[in-house]
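[1] just the structure for this:
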Amino acid sequence: MSNNRQSYKCPIFGTIEDLKENVLPTYQDVMKYYEWSRVQVKINNGNNKEPTFSEIAEIVTKKVEGVWQKASIPVVSHTRVIQLLKAYHSKCKNIIKSLKRLSTEKKTEFLKKSEILFDICSCKCKILSQCNCPRSVKVPKEEHDFLIDQRGERKMRIGGIDRNRTKSLQKKFVRKQASTKIYLKSDNNQSIMPEKELMLSTSSDSDTNVSYPEKLHKYIEEPLPSTSGTMENKICVKSLPVLSQICDRYGVSDRAGAAIASAVLHELSSDIVIDKSKLRRERRKTRDALVKTQAPLNLPALYFDGRKDKTLTIVTKGTKRYKQVVIEEHVSVIKEPDSIYVGYVTPSQGTAKTIEISINALLFSKSISTDDLLAIGCDGTVINTGKFSGVIRLFEKRLQRPLQWIVCMLHLNELPLRHLFDYMDGKTSGPSTYNGPIGKLLDKSETRAVVEFESIPGQLPTLKPENLSTDQKYLYEITLAVVTGSCSDDLVNKSPGKMSHARWLTKANRILRLYISSPKPSTNLIILAQYIVKVYAPVWFQIKTHSSCKDGSRHLWKLIESSRFLSCALKSIIDPVIQRNAYFAHPENLLLAMLTDEEKHIRELAARRILKARNSPSMGKLPRTFEVPKLNFDAKCYIDLINWQETNFDPPILRNQTNDELIQIIDKNGDERMLFIRLPCHTQAVERSVKIVTEAAMSACDKKTRDGMIHAKLASRKVMPKFDSKRDFLYKNK
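    Okay, the predicted model is just below:
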């Protein structure tokens with residue numbers, strides 16, 4: 001810059017001047033004020049010593065920031081403003097050095113660019129109405145037009161104080177403070193709670209010697225209340241993530257959750273009160289955070305299931321809006337392995353095409369790619385498994401490649417029992433009742449006294465009952481009771497589960513409960529009890545203990561082999577059912593079991609068949625029709641369930657494995673981890689998601705809120721699977 005003290009002019013911008021306070025300054029205005037400040041500093045100092053850049057920059061930046069603050073627009077940090085000023089000042093110095101050599105066009109262009117706003121606004125969004133910046137850096141809505149004008153035509157000016165608007169903002173601030181502040185009275189020189197009376201600690205907290213006030217400090221604004229004086233101290237709760245997720249997990253309303261939490265604090269001799277509105281906001285914030293943290297997933301396997309739920313919705317008629325319960329179909333989708341909840345969809349119709357389109361739309365909305373999709377899991381309904389237009393088939397057509405079909409083995413295990421019961425006792429007569437003599441007694445079977453009964457030989461796999469659900473644990477215990485011929489008093493007093501046509505596990509429990517309480521059981525009741533003890537229960541728990549898709553074919557053979565004790569008439573009832581649903585007898589699934597067999601020659605046989613299929617020119621091309629092969633019900637081993645003469649299949653789940661890796665598996669002693677991902681052969685994980693979606697459907701009126709509630713409930717269960725005792729309360733605060 002020029003040092004000519006006589007003219008007070010800048011070689012580039014001309015006459016220097018003070019900064020105007022009715023408009024936001026441009027780069028030219030800032031540099032003119034910079035030179036003006038430099039001259040003023042030299043005059044005030046009374047010597048010829050040139051002031052430093054830092055000295056002048058401090059004066060300039062404070063003045064510039066003051067103008068922006070006068071316009072009620074948030075700005076960047078003071079350090080950042082100095083950095084911007086220093087960068088442009090250096091640029092001007094370089095221009096001055098080459099000013100004589102600079103062409104007129106370049107000088108004109110530089111001056112034109114200097115008339116742009118010296119923009120130090122903290123929000124850099126081009127479209128202010130769509131700004132997602134934090135509130136602390138967000139431009140007030142009232143200042144949008146002014147800032148846009150200053151960045152463009154610069155016709156507007158900063159006016160005086162709007163007293164009415166100022167009063168309105170002050171009142172709004174006071175109301176907000178009153179609604180978010182929690183008051184704490186500190187009387188008689190006491191702290192929030194004497195440390196010797198209460199020490200809050202959990203299993204997930206490493207510091208077990210932290211007192212209640214210090215713990216509370218994590219959730220309240222600074223500072224902690226003073227321990228002296230009698231004045232009323234105010235503290236503001238920062239967040240309630242744990243309380244929010246627990247309320248969503250157990251379906252507690254905002255009012256009830258706030259009342260319960262406040263009551264607990266009151267019992268702990270604290271005057272803190274949690275407001276229901278605060279809890280509502282915190283629950284909404286926690287849900288949104290959980291949904292947003294769901295990063296885009298790769299999708300090795302997709303499992304889905306659905307049901308029709310009673311759903312709470314908002315209906316608008318004219319000017320009135322009211323709640324109404326409607327019936328909607330919800331299809332839940334999870335990612336396997338790890339059973340990660342993806343979301344749910346509401347197809348407009350119950351057809352396979354609309355379900356497939358809805359699921360793909362969900363994946364697209366969440367940026368989840370299907371490029372790595374290898375398998376699809378579902379139950380065996382025709383809509384899902386139709387060989388020409390089922391949901392899985394439509395997925396294959398969309399992707400133009402075959403997928404591994406994983407159809408739930410637990411559903412297959414239930415179907416023969418269902419048909420056998422209908423054949424021996426008759427059809428249903430209502431939502432939870434039967435016409436037959438056995439079905440009529442099932443509803444109140446738990447109220448009957450246990451009598452001496454004849455034991456039924458059977459064998460169950462060894463497992464830990466505590467890892468089972470309540471109904472599964474009851475089935476395991478009552479099956480053991482029938483096998484041993486002795487039933488404990490504790491088991492007699494337990495409930496076998498809810499009576500429902502859709503819950504065949506609890507129906508099996510009730511059949512066995514009726515058997516042990518019948519002095520003279522009928523022939524049909526004995527046959528049903530025998531089938532449950534010898535077939536249904538062992539296969540069920542075999543599936544639970546060996547749940548990998550590689551074991552599905554072995555479970556199918558176990559089901560067939562253990563049911564051969566039935567008469568020819570009864571086998572003619574269940575065998576067609578098994579045949580129609582024997583998806584794990586398909587060569588693609590049988591080869592997975594053979595590759596992981598304990599016998600080396602079976603693994604070699606499977607590897608040779610897969611390599612032969614890969615060399616076939618038509619392998620892996622569509623159209624491909626997935627058909628269940630004809631079963632050999634007299635097979636002595638699972639590998640003999642089908643005729644292998646005309647088969648040429650490569651399991652799609654092995655798409656990413658090379659031929660060399662297949663050959664190496666022969667020496668791995670059946671260890672499938674070296675080959676393919678571990679996927680369950682049943683859909684219990686997605687059924688749990690279906691249940692949660694059903695609960696959420698009657699708890700909220702819009703899909704966004706329901707999805708947030710579901711994520712909050714699943715997150716809470718992941719951290720704390722159960723809460724039966726104090727030591728179970730584990731919670732990780734992130």
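[2] gap between stretch 345-361 and the chain center?
    21 Å (C-alpha atoms, centre = their mean, to the nearest Å).
[3] where along the stretch 201-350 of the chain do the helices fall?
    Using DSSP state H, counting those that start in this stretch, the helices of the stretch 201-350 of the chain run over residues 212-216, 241-249, 254-267, 276-292.
[4] show me the chain divided up by domain.
    Following automatic domain parsing, one gets these domains for the chain: 9-150, 177-291, 294-408+683-701, 410-545, 548-569+583-679.
[5] for these, which has the smallest mean pLDDT value?
    Mean pLDDT is lowest for domain 177-291 among the domains of the chain, at a mean of 64.
[6] quick one: end-to-end length of that one, please.
    The first and last residues of domain 177-291 sit 29 Å apart, counting by C-alpha to C-alpha, to the nearest Å.
[7] in JSON lines: the domains of the chain, plus distance to residue 730.
    Yep, even glycine has a C-beta here, placed from its N, CA and C like the rest. JSON lines is the format used below for the domains of the chain (distance: least, C-beta to C-beta, whole Å):
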{"stretch": "domain 9-150", "distance to residue 730": "32"}
{"stretch": "domain 177-291", "distance to residue 730": "5"}
{"stretch": "domain 294-408+683-701", "distance to residue 730": "20"}
{"stretch": "domain 410-545", "distance to residue 730": "17"}
{"stretch": "domain 548-569+583-679", "distance to residue 730": "26"}
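[8] and the contacts of stretch 493-512?
    Applying C-beta atoms under 8 Å, 6 or more residues apart in numbering, the external contacts of stretch 493-512 come out as 414, 417-418, 421, 428, 431-432, 438, 442-443, 445-446, 470-472, 474-475, 478-479, 481-482, 513, 525, 528-529, 532-533, 536-537, 540.
[9] buried subset of those, written for ChimeraX?
    In ChimeraX, this line selects whichever of those come out buried by 16 or more other C-beta atoms under 10 Å:
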select :414,417,421,438,442,445,446,471,472,474,475,478,479,481,482,513,525,528,529,532,533,536,537,540
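[10] among the contacts of stretch 493-512, which ones are in strands?
    Among the contacts of stretch 493-512, the subset assigned to strands under DSSP state E is empty.
[11] from the contacts of stretch 493-512, which land in helices?
    Counted as lying in helices by DSSP state H, out of those, are 414, 417-418, 421, 438, 442, 470-472, 474-475, 478-479, 481-482, 513, 525, 528-529, 537, 540.
[12] the residue nearest the centre of the chain and residue 150, how far apart?
    In the chain, the centroid-proximal residue (C-alpha atoms, centre = their mean) is residue 711; its distance is 4.4 Å. Residue 711 sits 42 Å away from residue 150, going by C-beta to C-beta, to the nearest Å.
[13] so residue 539 touches residue 561, yeah?
    No: at 10.0 Å, residue 539 does not count as touching residue 561 under the criterion of C-beta atoms under 8 Å.
[14] name the residue in the two with the higher neighbour count.
    residue 539 (24 against 17; other C-beta atoms under 10 Å).
[15] which residues of the stretch 301-450 of the chain fall in strands?
    Per DSSP state E, counting those that start in this stretch, the stretch 301-450 of the chain carries strands over the ranges 301-317, 320-336, 340-345, 375-378, 404-407.
[16] mean neighbour count and distance to residue 244 for these - can I get that in CSV?
    Converted to CSV, these look like this (neighbours: other C-beta atoms under 10 Å; distance: least, C-beta to C-beta, whole Å):
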stretch, mean neighbour count, distance to residue 244
strand 301-317, 18, 21
strand 320-336, 16, 23
strand 340-345, 22, 18
strand 375-378, 24, 32
strand 404-407, 25, 36
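[17] so which of these gets nearest residue 685?
    Nearest to residue 685 among those is strand 320-336 (5.9 Å), distances taken as C-beta to C-beta.
[18] so residue 649 sits in a strand?
    No: according to DSSP: H, G, I helix; E, B strand; the rest coil, residue 649 belongs to no strand; its state is coil.
[19] dump the residue contacts of it.
    Shown in contact with residue 649 (C-beta under 8 Å, 6+ apart): 586, 587, 588, 591, 609, 613.
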